[in-house]
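Colleague: the amino acid sequence is not available; the structure is as follows:
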Ligand code: APR
């Protein structure tokens, strides 16, 4: 065989898994279609929940995060009535977020995986995987393994090799995701509910801030120049009332369609899915990377038990272990979607839905029980 475990994809899921397997001395090979430079510079998520920080810390993967990560424990909500802040370190389970841009985390994880003796083949495209005979075809080469981990993301090939019942939901909402070379304008996270659509502010680093603007489905990026973006953020974030936004060059803009995908099994023979390959979640509650790390840890322990002790109990129930957590994250993410968005227009249904949304937000503002629920689910997994 070519490796005990072949991991397809060097994103957070594949790299955390690879590091945990290498720590147990398991021979593993990561195949990644992109170059090292590409994956180390891909700005994506950044909010790590307490469980993710624990996984990284317990496994010696948190040096960069401890040095450069920032603690975030507060989020603010604004609508036409009021602004209120929730300090979630004082609510629910008292957990906080650590903000550490994903490209930094990925860079750390690659360096550590190589230091632990792992092998990564960058620029290697996997065209098919088979869980039944544990083979991978990469760049026309057939590779054999004992186990395969499909960590190749939402558009990877691995998930297609797992026959499953697939549940998809298009939430029919799109966000324009923006990275601005500008310092944050609020202490951490700001959610603005506005009749023109949702706007969000997420502090990243002292010099880079992420913003979101809800846009109609199918919007053309060409129509969103820097000035239009800042003007729209100004209106929706109600900057006249709550303070100006610190502007800067827009260094990235892309459209994110809110969609979910859950499968009724995430394994087939010796193939196991983790991360976005296993399930897709809308970014409304920043759960994607945290689910990926949770699954990577569960899968690592199961593979270690199977490979080193011949005990396959945990591997056999990998899907059963992960799916309830995936569904809970989906449920909360949908709750967040409904908190932040409402249909446009003035027909009865639209007005009704927006009134429900406002009532939900008001309940969150005044009810301690509701705030505890929010905090537990927002940072928990
Ligand atoms: N062959 C080889 N590599 C592939 C292939 C393929 N056919 N298809 C995809 N890949 C690689 C991609 O280039 C990417 O680097 O798999 C990797 C998948 O990484 P991610 O998309 O980051 O997915 P994952 O590790 O599951 O991370 C999940 O992290 O990016 C955040 O919030 C985001 O929810 C997401 C989470």
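Modeller: Okay, I see it. All values derive from a computational prediction rather than experimental measurement.

Colleague: how about the secondary structure of residue 175?
Modeller: strand (DSSP: H, G, I helix; E, B strand; the rest coil).

Colleague: in contact with it, which residues?
Modeller: Residues near residue 175 by Cβ atoms under 8 Å, 6 or more residues apart in numbering: 198, 200, 212-215, 255-256, 258, 283. Where C-beta positions appear, they are placed from N, C-alpha and C, glycine not excepted.

Colleague: how about 6 Å then?
Modeller: Listed by Cβ atoms under 6 Å, 6 or more residues apart in numbering, the contact set of residue 175 reads 212, 214, 256.

Colleague: near the ligand, which residues of the stretch 151-300 of the chain are found?
Modeller: 151-153, 156-157, 275-277, 288-289, 292 (Cβ under 6 Å from any ligand atom).

Colleague: which residue sits closest to the most centrally placed residue in the chain, ignoring its sequence neighbours?
Modeller: The centroid of the chain falls nearest to residue 288 when counting by Cα atoms, centre = their mean (2.3 Å). Of all residues not flanking residue 288 in the chain, residue 281 sits nearest, at 5.5 Å (Cβ to Cβ, 6 or more residues apart in numbering).

Colleague: ok, now which ones touch the residue in the stretch 1-150 of the chain positioned nearest to the ligand?
Modeller: Closest contact between the stretch 1-150 of the chain and the ligand, by Cβ to the nearest ligand atom, is at residue 11 (2.2 Å). Neighbouring residues of residue 11 by Cβ under 6 Å, 6+ apart: residue 153.

Colleague: got the contact list for stretch 299-306?
Modeller: 17, 20-21, 24, 147, 272, 274, 311-312, 314-315, 318.

Colleague: how about 8 Å then?
Modeller: Contacts for stretch 299-306 (Cβ under 8 Å, 6+ apart): 5, 16-17, 20-21, 24, 26, 147, 149, 272, 274, 311-315, 318.

Colleague: now swap in stretch 125-141 and tell me
Modeller: 6, 8, 31, 33, 121, 124, 142-148, 150, 152, 156-158, 161-162, 267-272.

Colleague: same question, stretch 202-220
Modeller: Outside stretch 202-220, the residues touching it (Cβ under 8 Å, 6+ apart) are 46-47, 70, 72, 99, 101, 172-189, 197-201, 224, 229, 232-233, 236, 246, 248, 251, 255, 257, 341.

Colleague: and it, how far out from the chain middle?
Modeller: Distance, stretch centre to chain centre, for stretch 202-220: 15 Å (Cα atoms, centre = their mean, to the nearest Å).

Colleague: gap between the two ends of it?
Modeller: End-to-end distance for stretch 202-220: 23 Å, by Cα to Cα, to the nearest Å.

Colleague: in it, which residues are buried?
Modeller: Residues of stretch 202-220 classed as buried: 202-205, 208-215 (neighbour count, 16 or more other Cβ atoms under 10 Å).

Colleague: using JSON lines, lay out the residues you listed together with pLDDT and secondary structure.
Modeller: Formatted as JSON lines, these follow (pLDDT from 0 to 100; DSSP: H, G, I helix; E, B strand; the rest coil):
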{"residue": "202", "pLDDT": "91", "secondary structure": "strand"}
{"residue": "203", "pLDDT": "86", "secondary structure": "strand"}
{"residue": "204", "pLDDT": "84", "secondary structure": "coil"}
{"residue": "205", "pLDDT": "84", "secondary structure": "coil"}
{"residue": "208", "pLDDT": "91", "secondary structure": "coil"}
{"residue": "209", "pLDDT": "94", "secondary structure": "strand"}
{"residue": "210", "pLDDT": "93", "secondary structure": "strand"}
{"residue": "211", "pLDDT": "96", "secondary structure": "strand"}
{"residue": "212", "pLDDT": "96", "secondary structure": "strand"}
{"residue": "213", "pLDDT": "97", "secondary structure": "strand"}
{"residue": "214", "pLDDT": "97", "secondary structure": "strand"}
{"residue": "215", "pLDDT": "96", "secondary structure": "strand"}
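
Colleague: ok, which stretches of this structure are helices?
Modeller: 12-23, 36-40, 50-58, 63-68, 102-115, 226-236, 239-242, 288-309, 313-316, 318-340, 348-366, 368-379 (DSSP state H).
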